[in-house]
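*Asks:* quick one: sequence plus predicted model below, questions after.
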Amino acid sequence: MTEKRPIDANDLMARFFRKECLMQGHSAAASAAYKDAQKTVAAASTVSLWPEWRNPETDPPKVEEDVLILFETACGGYGITTAHFEDGTVLSQKSAFYWEEIFEWGTYDEESDDYFIPKGWWEYRYFNPEDVYNNRVDSPVVGWMPLPPKEVVKK
């Protein structure tokens with residue numbers, strides 16, 4: 001069983017305690033087993049329901065995959081927006097995004113008569129002057145995480 005399941009450990013502990021109390025005087029082995037189960041639950045690690053920020057330096061996302069980024073602001077705070085990462089190897093014609101005026105800042109490749117998109121983080125919501133798309137994130141990106149799934153699963 002590899003899937004992690006968040007449970008109410010307090011509820012489980014109370015259930016084991018009640019079972020242990022019922023077994024006392026009837027079966028020492030069963031009582032000891034429930035006491036041991038309580039110790040096991042108490043010692044178990046807690047699983048976070050929150051996704052963790054990944055290190056963009058050591059664990060970057062796939063190229064051109066929309067993700068959430070955590071960036072440091074100029075005043076020492078933090079901000080969150082969506083963005084995508086470019087590794088400097090994608091030509092603008094092969095990109096999933098439309099790149100205006102790439103000739104001003106891209107690296108020209110004579111063989112393909114196209115421009116490589118510079119390495120870095122790009123977005124179009126937060127660092128966006130006058131509805132221009134694909135703006136370089138000019139603040140340090142300190143973390144990223146995948147976007148939640150688009151489809152909602154009803155239970």
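*Replies:* Nice, thanks for sending it over. Numbering: from 1, shown residues only.

*Asks:* name the spans of the chain whose pLDDT lies under the cut-off.
*Replies:* Residue ranges of the chain with pLDDT under 70: 1, 127-134, 153-155.

*Asks:* so for stretch 65-82, what gets flagged as buried?
*Replies:* Burial within stretch 65-82, assessed by neighbour count using 16 or more other CB atoms under 10 Å, is assigned to Val67, Leu68, Ile69, Leu70, Phe71, Thr81. All C-beta atoms are positioned from the backbone trio N, CA, C, and that covers glycine.

*Asks:* over to stretch 143-155?
*Replies:* In stretch 143-155, counting by 16+ other CB under 10 Å, buried: Gly143, Trp144, Met145.

*Asks:* quick one: contacts of it?
*Replies:* With contact meaning CB atoms under 8 Å, 6 or more residues apart in numbering, stretch 143-155 is reached by 51-56, 60-61, 65-70, 82-83, 85.

*Asks:* so Gly143, which of the three states?
*Replies:* Per DSSP: H, G, I helix; E, B strand; the rest coil, the secondary structure class of Gly143 is strand.

*Asks:* for it, give the beta-bridge partners.
*Replies:* Under DSSP bridges, the beta-bridge partners of Gly143 are Leu70.

*Asks:* distance check, it against Ala30.
*Replies:* Gly143 sits 48 Å away from Ala30, taking CB to CB, to the nearest Å as the criterion.

*Asks:* can you give me the neighbour number for Pro140?
*Replies:* Here the number of neighbours of Pro140 (other CB atoms under 10 Å) works out to 11.

*Asks:* quick one: stretch 141-155 to chain centroid distance?
*Replies:* Mean C-alpha position of stretch 141-155 versus that of the full chain (CA atoms, centre = their mean, to the nearest Å) differs by 7 Å.

*Asks:* oops, could you answer that again for stretch 8-22 instead?
*Replies:* In terms of CA atoms, centre = their mean, the centre of stretch 8-22 is found 34 Å from the chain centre.

*Asks:* in that stretch, what's buried?
*Replies:* Result for stretch 8-22 [16+ other CB under 10 Å]: buried residues Phe16, Lys19, Glu20.

*Asks:* reduced to three states, what does the first one come out as?
*Replies:* Here Phe16 is recorded as helix under three-state DSSP.

*Asks:* sounds good, over and out.
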